[in-house]
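Undergrad: sharing a model prediction with you, sequence too.
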Amino acid sequence: ANSNAVAEEVIALMMAHARHLIAADQSCRIGEWEKSKFMGSEITGKTLGILGLGHIGQLLVKRASGFDMKVLAFDPIVSSDRAKDMGVEMVADYREIFKRADYISLHIPENDRTRGMINSELFGLMKQGAVLINCARAGVVNEDDLRAAKAAKSIAYLNDVYPKDEAGEKPV
């Protein structure tokens, strides 16, 4: 994948969610204009947590800095000194990100250690209304636990990865 494109997509997903772009566009296209309903929120000043501070994660840090976001990260390979140089607060335990972040972006591989790792335990730590972004691999998120958390805590899930890599229904 093009690393820069993925980092930009994460920002685009955050912006679209925060400003209700999809719902507002649909409303506008059918002749409604519910301005007060779609005012949205700002991402400026929010906390972004990044799991995986590899190339994509580091590019995301640069993009988020333009929005004055506080950035937390977890990566067992990247040193605290390197993170500090990027303006990132490195956390020793990835659970801390789930407790503190408004937005959580996943940039981890799918393997035997990570498959299903984003589960009910971590969802239980998330703030009410927090946002999970997955532009990594579908299998790292336990989908049953995600559905329950979305209902219980109004957690949003923004993604471009799916369990099956096949075409979905065409939009109308």
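TA: Arrived safely, thanks for sending.
Undergrad: when you work out contacts or count neighbours from here on, use the C-alpha atoms and nothing else.
TA: Noted.
Undergrad: center of this structure, which residue is that?
TA: Note on the chain: the residue nearest the mean C-alpha position is I133, at 2.3 Å, using CA atoms, centre = their mean.
Undergrad: buried residues, the top helix by length along the chain. List them.
TA: Ranked by residue count under DSSP state H, the longest helix found in the chain is helix 3-18. By 16 or more other CA atoms under 10 Å, the buried positions in helix 3-18 come out as V6, A7, E8, E9, V10, I11, L13, M14, M15, A16, H17, A18.
Undergrad: could you list the residues in contact with the one helix or strand in the chain whose mean pLDDT sits lowest?
TA: Lowest on mean pLDDT, DSSP states H and E among the helices and strands of the chain sits helix 21-29, with a mean of 84. Contacts with helix 21-29, where a contact means CA atoms under 8 Å, 6 or more residues apart in numbering, come from A16, W33, E34, F38.
Undergrad: please enumerate the helices of this structure.
TA: 3-18, 21-29, 55-65, 80-85, 95-100, 120-125, 143-153.
Undergrad: wait, which of the ones you listed is closest to L106?
TA: Taking CA to CA, helix 55-65 is the member of those nearest to L106, at 8.5 Å.
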